[in-house]
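> One predicted model, sequence on top.
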Amino acid sequence: MIKLNLPDFDIKLSGTQEKPKIFDILRRRFIALTPEEWVRQHFIHYLIGHKGYPAPLMANEVKLKVGDKNLRADSVLYTRDLKPRMIVEYKAPHISITQKVFDQITVYNMLLHVDYLVVSNGMQHYICKMNYEDNTYTFIREIPDYSDL
């Protein structure tokens, strides 16, 4: 896997060379190591280790339902009273962050109504702070520390 624009962490791998797996600290099990999962695990460790996000208030692969359609948000951060606060959408490093990716996370946000939307391919990260009173959003330069949310 390639070096990302995220800090390194203590990576735990298993499986075989043909089918490698990486340990997901939120799901507490080994997951198939895909390029997108490589980004997810780096990002989760960054949030926990560098931004102070509490692991018990985060979840990966959160199931959502829109009509008869089943969706999955890549990661969701919750408040202490378990209200969704942030959605993070990951793409593999070779996938460009396009309007289509923002459209995807917007669909999730129609259900969860969070304060922050984050999109990352491990190389580029985009963070939007939502303002529901004015029906606007603002791109911010970096992910806030958990204590600043």
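That came through fine. Because the structure is predicted, anything quoted here is derived from the model rather than measured.

> what about the residue lying closest to Ser96 once chain neighbours are set aside, distance to Pro20?
Counting by CB to CB, 6 or more residues apart in numbering, Asn121 is the residue found nearest to Ser96 once chain neighbours are left out, at 7.4 Å. Quick note: C-beta positions are derived from backbone N, CA and C, even for glycine. Using CB to CB, to the nearest Å, we find Asn121 at a distance of 20 Å from Pro20.

> returning to what we had before: now do the same for the residue nearest to Ser96: its pLDDT.
Asn121 carries a pLDDT score of 97 in this model.

> Phi and psi next, for it.
Asn121 has phi and psi values of phi -110, psi 20 when expressed as degrees, to the nearest 10.

> on that earlier part again, just want to know which of Asn121 and Pro20 has more residues nearby.
Applying other CB atoms under 10 Å to Asn121 and Pro20 shows that Asn121 carries more neighbours, namely 22 against 16.

> Wait, that one touches Val39, no?
Yes: contact criterion CB atoms under 8 Å: Asn121 and Val39 qualify, at 6.3 Å.

> which residues are common contacts for these two?
Residues touching both Asn121 and Val39 (CB atoms under 8 Å, 6 or more residues apart in numbering) are Tyr90, Lys91, Ala92, Pro93.

> hmm, which of these are the buried ones?
Buried members of the shared contacts of Asn121 and Val39, scored by 16 or more other CB atoms under 10 Å, are Tyr90, Lys91, Pro93.

> Do I have it right that the last one meets Asn121?
Yes: Pro93 lies in contact with Asn121 (CB under 8 Å); the separation is 5.3 Å.

> The residue most central in space within the chain is in what secondary structure piece?
Nearest to the centroid of the C-alpha atoms of the chain, with distances taken as CA atoms, centre = their mean, sits Val88, at 3.0 Å. In the assignment (DSSP states H and E), Val88 maps to strand 84-90.

> Need the contact partners of that strand.
36, 39-40, 43, 73-79, 101, 104-105, 108-109, 112-122, 149.

> so where does Thr106 fall, helix or strand?
Assessed by DSSP H and E, Thr106 sits inside helix 99-112.

> list the helices and strands the helix or strand following that helix packs on?
Note on helix 99-112: by DSSP H and E, the next helix or strand toward the C-terminus is strand 116-120. If contacts are counted by 3 or more CB pairs under 8 Å, 6 or more residues apart in numbering; DSSP states H and E, strand 116-120 sits against strand 84-90, helix 99-112, strand 125-131.
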